[in-house]
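> here is my input; please provide its structure:
(one chain, ligands or ions: 2)
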Amino acid sequence: MPARAPLDILHSVFGYASFRGQQQAVVEHLAQGGDALVLMPTGGGKSLCYQIPALLRPGTGIVVSPLIALMQDQVDALREAGVAAAYLNSALGADDQREVERRLLAGELDLLYVAPERLLTARFLQLLESIEVALFAIDEAHCVSQWGHDFRPEYRELTVLHERFPQVPRIALTATADPRTREEIVERLALQQARRFLSSFDRPNIRYRVALKHNPRTQLMQFLDGHRGDAGIVYALSRKKVDETAAWLAEAGIEALPYHAGLDAATRAANQQRFLREDGVVMVATVAFGMGIDKPDVRFVAHLDLPRSMEGYYQETGRAGRDGLPAEAWMIYGLADVVTMSQMIAQSESADERKRIERQKLEALLAYAETTRCRRELLLGAFGEDYRGPCGRCDNCVEPPGTWDATVPAQKALSAVYRSGQRFGAGHVIDILRGVDSERMGQLGHDRLSTFGIGADMDERGWRSVFRQLLAAGLLEADAEGYGTLRLTAASREVLRGERRVHLREDARPVRAARRRRDS
Ligand code: ADP
Ligand code: ZN
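Ligands and ions are numbered 1, 2, ... in the order given. Sure thing, here's the model as predicted:
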């Protein structure tokens, strides 16, 4: 058989005119026997990076994938294109499994998809030793990382591939890789020698917008008004909120359906099918929804609550606009969300190291939410990309927010937290600052604090914004006990000592001060 060129296969088997981005370089590198680490955003075309080399090289390409549904879709598509592909996972009956194994041993398969726990069995590894392996592809390679959210312990054992089959080229692929995850993949999978193929994670057709939460339903409705008839996803943190929001939207005449892990499997499947098949369905969902969903014309993704991390945000918003047409990522958040997230981390069962990681991730996300810079700069920066805005397609670029020197109000806020013993939540501390004379205030003796009433020049909303931004900036932290108690941090002491100035977004500016500025 004459050696075929990558481009031939791209044309004749897959029916595509040309390679995208780094695909050709990856294919050639692998076809020649090199190892590769491929970072490409979702929809970037990772599959061809190992499918074509598997066809070019003698033997069977073994693809490790953690997602059963995705495996089946891929195998169906490959068979349609005339490729001899199969999968092995727990969804397969005993007879079918035997048949797949027979074909594997007979050398009839070009590609075999296999779940990691299956691959790692002694029996399967032995099977592999008796056949010719074209390459190993490790899909969703970030599952190896504890830093990520999809950690799969079995992924850590995949080094066995390198140990037992040192001559077989390996390719690890992922769409979630901040620099830290990337290094963990390299280390855990022994890919130090692998060539790295990094693609830009920018999704130029997505517009990013983050707003302060004041009246979530009205705000959501206004946002949806700009998306009548569009398919979209609305993410919320809790199942209860998903149900309530979906019901409320449906009542308002919007084709909204709920999706979360608390619904029975049949309802979930039915709602998902409607979202995929019908036009203009709005899925209201927890993060349980979206993995492996391939709907190109999702026109918006809305977040009613903060996601857990920048990777989460990127993944979730990345479900919009896969077709390349304009799409929108919209999020609202407020002080209570920051406190809730902070508490969820503190209360979790995780080890301290894990909590520290979670906290850092939350801080990165809050920095994104609070930034006055181009959002794309921060978003891509989280993936180690040095993007330079303005992008012209995020709220901050379209309408640059003002900032103000809030050092003095920040000092007032921090000293009120300190003087009241770091035992109260934002609500009470704001009352102290504003000098609200209540019975409780008297009982606690807080009306006698030196900070009582020193913030009467700013309204409650202004103070809430200051507290939110202080939390976001790591100048305050919420307690672990779950009462929303605020505490100082090492950084807050710098502010109190006057060694550090604080600049906040305009939305916190005291009403009076703002007016003064305009008059002058
Ligand atoms: P990823 O795994 O990176 O999310 P896929 O491999 O599933 O992406 O590819 C995303 C979509 O792009 C698929 O529909 C695929 O067929 C298509 N695609 C990939 N490469 C090309 C190409 N070179 N030309 C045209 N379409 C492509
Ligand atoms: Zn921008």
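
> quick one: the strands in the stretch 51-200 of the chain, in order.
For the stretch 51-200 of the chain, the strands defined by DSSP state E, counting those that start in this stretch cover 60-64, 85-88, 111-114, 133-138, 170-174, 195-198.

> right, and the ones you listed - which one's nearest Thr267?
Thr267 sits nearest to strand 85-88 of all the strands of the stretch 51-200 of the chain, at 27.0 Å, using Cβ to Cβ. Backbone N, C-alpha and C define where each C-beta goes, glycine included.

> for the closest one, buried residues please.
By 16 or more other Cβ atoms under 10 Å, the buried positions in strand 85-88 come out as 85-88.

> got JSON lines for these, with distance to ligand 2 and pLDDT too?
Below are the buried residues of strand 85-88 laid out as JSON lines (distance: Cβ to the ion, whole Å; pLDDT from 0 to 100):
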{"residue": "Ala85", "distance to ligand 2": "41", "pLDDT": "98"}
{"residue": "Ala86", "distance to ligand 2": "45", "pLDDT": "97"}
{"residue": "Tyr87", "distance to ligand 2": "41", "pLDDT": "96"}
{"residue": "Leu88", "distance to ligand 2": "45", "pLDDT": "94"}
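
> quick revisit: just tell me which of the strands of the stretch 51-200 of the chain ends up closest to Glu244.
Of the strands of the stretch 51-200 of the chain, nearest to Glu244 by Cβ to Cβ is strand 170-174, at 35.0 Å.

> quick one: that closest one to chain centroid distance?
Centre-to-centre, strand 170-174 and its host chain are 20 Å apart (Cα atoms, centre = their mean, to the nearest Å).

> get me the contact residues on the protein for ligand 2.
374, 376, 389, 391, 394, 397 (Cβ under 5 Å from the ion).

> check the secondary structure at the residue lying closest to the first one once chain neighbours are set aside for me.
Beyond its immediate neighbours in the sequence, the residue positioned closest to Cys374 (Cβ to Cβ, 6 or more residues apart in numbering) is Gly389, lying 2.7 Å away. Secondary structure state of Gly389, per DSSP: H, G, I helix; E, B strand; the rest coil, is coil.

> just to revisit the earlier point, with respect to ligand 1, which of the buried residues of strand 85-88 is nearest?
Ala85 (14.0 Å; Cβ to the nearest ligand atom).

> any idea how far the residue nearest to that closest one when sequence neighbours are not counted is from Gly425?
Excluding the flanking residues, the one nearest Ala85 by Cβ to Cβ, 6+ apart is Leu78, at 3.8 Å. Separation of Leu78 from Gly425 (Cβ to Cβ, to the nearest Å) stands at 56 Å.

> now for the residue nearest to Cys374, how many residues are close by?
Residues within reach of Gly389, counting by other Cβ atoms under 10 Å, total 16.

> isn't it right up against Thr372?
No. In this structure, Gly389 is not within contact of Thr372 by Cβ atoms under 8 Å, at 11.4 Å.

> the helix or strand harbouring Asp8: how far from the chain's middle?
Following DSSP states H and E, one finds Asp8 within helix 6-12. On the basis of Cα atoms, centre = their mean, helix 6-12 sits 34 Å off its chain's mean C-alpha point.

> go through the helix or strand following it and flag the buried ones.
The helix or strand immediately downstream of helix 6-12 is helix 23-31, counting by DSSP H and E. Neighbour counts using 16+ other Cβ under 10 Å place 23-24, 26-31 of helix 23-31 among the buried residues.

> dump helix 23-31 to PDB, restricted to CA.
Extracted C-alpha coordinates of helix 23-31, given in PDB (Å, rounded to 0.1, in the frame of the first residue of the first chain):
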ATOM      1  CA  GLN A  23      -3.500  20.100  13.400                       C
ATOM      2  CA  GLN A  24      -1.100  19.400  10.500                       C
ATOM      3  CA  ALA A  25       2.000  20.000  12.700                       C
ATOM      4  CA  VAL A  26       0.600  17.700  15.400                       C
ATOM      5  CA  VAL A  27      -0.400  15.000  12.900                       C
ATOM      6  CA  GLU A  28       3.100  15.000  11.200                       C
ATOM      7  CA  HIS A  29       4.900  15.000  14.500                       C
ATOM      8  CA  LEU A  30       2.900  12.000  15.700                       C
ATOM      9  CA  ALA A  31       3.000  10.100  12.500                       C
END
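
> returning to what we had before: let me have the residues of the chain next to ligand 2 in a markdown table, extended by pLDDT.
Conversion of the residues of the chain next to ligand 2 to a markdown table gives the following (pLDDT from 0 to 100):
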| residue | pLDDT |
| --- | --- |
| Cys374 | 94 |
| Arg376 | 96 |
| Gly389 | 86 |
| Cys391 | 96 |
| Cys394 | 97 |
| Cys397 | 96 |
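
> could you report the distance from the residue lying closest to Phe383 once chain neighbours are set aside to Val466?
Residue nearest to Phe383 in three dimensions, not counting chain neighbours: Phe201, with 4.9 Å by Cβ to Cβ, 6+ apart. To Val466, Phe201 is 33 Å away according to Cβ to Cβ.

> again with Ser12
Counting by Cβ to Cβ, the separation of Ser12 from Val466 is 63 Å.

> dump the residue contacts of whichever residue of the stretch 201-350 of the chain sits closest to ligand 1.
In the stretch 201-350 of the chain, the residue that lies nearest ligand 1 is Asp294 (7.3 Å; Cβ to the nearest ligand atom). Going by Cβ atoms under 8 Å, 6 or more residues apart in numbering, Asp294 touches 73, 322.

> roughly how far apart are it and ligand 2?
27 Å (Cβ to the ion, to the nearest Å).

> three-state assignment of that residue?
Quick answer, by three-state DSSP: Asp294 is coil.

> next: Glu494.
helix.

> what number of residues lie near it?
14.

> for it, which non-adjacent residue is closest in space?
Using Cβ to Cβ, 6+ apart, the nearest residue to Glu494 is Arg500, at 4.0 Å.

> pretty sure that neighbour contacts Ser492?
No. The pair Arg500 / Ser492 is not scored as a contact, 9.0 Å apart, by Cβ under 8 Å.

> give me the more crowded residue out of the two.
Ranked by neighbour count (other Cβ under 10 Å), Arg500 and Ser492 place Ser492 first, with 26 against 14.

> the more buried one and ligand 1: what is the separation?
43 Å (Cβ to the nearest ligand atom, to the nearest Å).

> state the mean pLDDT of stretch 24-42.
Here stretch 24-42 scores 95 as its mean pLDDT.

> contact partners of that stretch?
Contacts of stretch 24-42 (Cβ under 8 Å, 6+ apart): 6-7, 19, 21-22, 46, 48-50, 52-53, 56-57, 135, 141, 169-175, 177, 182, 185-186, 191, 193-201, 203, 315, 318, 322.

> and which of the buried residues of helix 23-31 is nearest ligand 2?
Closest approach to ligand 2 among those (Cβ to the ion): Gln23, at 28.0 Å.

> need the contact list for that closest one.
Taking Cβ under 8 Å, 6+ apart, we find Gln23 in contact with 45, 48-49.

> again with Glu132
Residues near Glu132 by Cβ under 8 Å, 6+ apart: 58-60, 107.

> same thing but at 10 Å, please
For Glu132, the contact set (Cβ atoms under 10 Å, 6 or more residues apart in numbering) comprises 57-60, 107, 168.
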